[in-house]
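Engineer: kindly generate the corresponding structure for this input.
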Amino acid sequence: MDNSPRQGEKSELAVASEMVMKGYGVSLPFGHEHQYDLVVDRDGTLYRVQVKTAKQEGGNRYYIQADADRYDKKYVDLFAGYSEDKVATFFIPVDEASGKRQRVTFTNLEKMGSDRSRRKSNHISEYRFSEAVKRV
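Structural biologist: Modelled structure (predicted):
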């Protein structure tokens, strides 16, 4: 996966396409002065989404480079992580983001060693769009 600006554009279009295919309305802001890349309309509620290209971090864990302190929750509702590896796009509410890297795991919950590991895993089941927007 290359890190050029084109990769970011491909990720934005892939997330927009995925949202449209799932039946949501999607708007793209004009210009680059916004903190968000997409606006997703879910049943009349608008969500501002900052899209990041996700990278694999060993095994079934992926992360996005999104410095939580850089984004204002007045202007961004969700981070979206997209990977060309065909793993599911994940969505992290900005309120839940901390630090510079936001991580999600795709490991089957039953294969995790302990209940503590499961609770701390940031499992994809909690970070699909329909689940993440419940926490915005």
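Engineer: wait, a strand at V40?
Structural biologist: Yes. According to DSSP: H, G, I helix; E, B strand; the rest coil, the state of V40 is that of a strand.
Engineer: ok, it touching M19?
Structural biologist: Yes. The pair V40 / M19 is scored as a contact, 5.2 Å apart, by Cβ atoms under 8 Å. (Glycine included, C-beta is placed from N, CA and C.)
Engineer: out of those two, which sits in the more crowded spot?
Structural biologist: Shown here are V40 and M19; by other Cβ atoms under 10 Å, V40 has more neighbours (25 against 21).
Engineer: any idea how far the more buried one lies from T107?
Structural biologist: Per Cβ to Cβ, to the nearest Å, V40 is found 27 Å from T107.
Engineer: quick revisit: give me the common contacts of V40 and M19.
Structural biologist: Counting by Cβ atoms under 8 Å, 6 or more residues apart in numbering, the shared contacts of V40 and M19 are 26, 129.
Engineer: which residues does the longest helix along the chain contact?
Structural biologist: The single longest helix within the chain, with elements called by DSSP state H, is helix 5-21. Applying Cβ under 8 Å, 6+ apart, the contact partners of helix 5-21 are 1, 26, 28, 37-38, 40, 49, 51-53, 80, 82, 84, 89, 129.
Engineer: quick test: name the residue nearest the centre of this structure.
Structural biologist: The residue lying closest to the centre of the chain (Cα atoms, centre = their mean) is A80, at 1.9 Å.
Engineer: check which residues of the one helix or strand it maps to are buried.
Structural biologist: Assigned by DSSP states H and E, A80 belongs to strand 78-82. Neighbour-count burial for strand 78-82 flags 78-82 (criterion: 16 or more other Cβ atoms under 10 Å).
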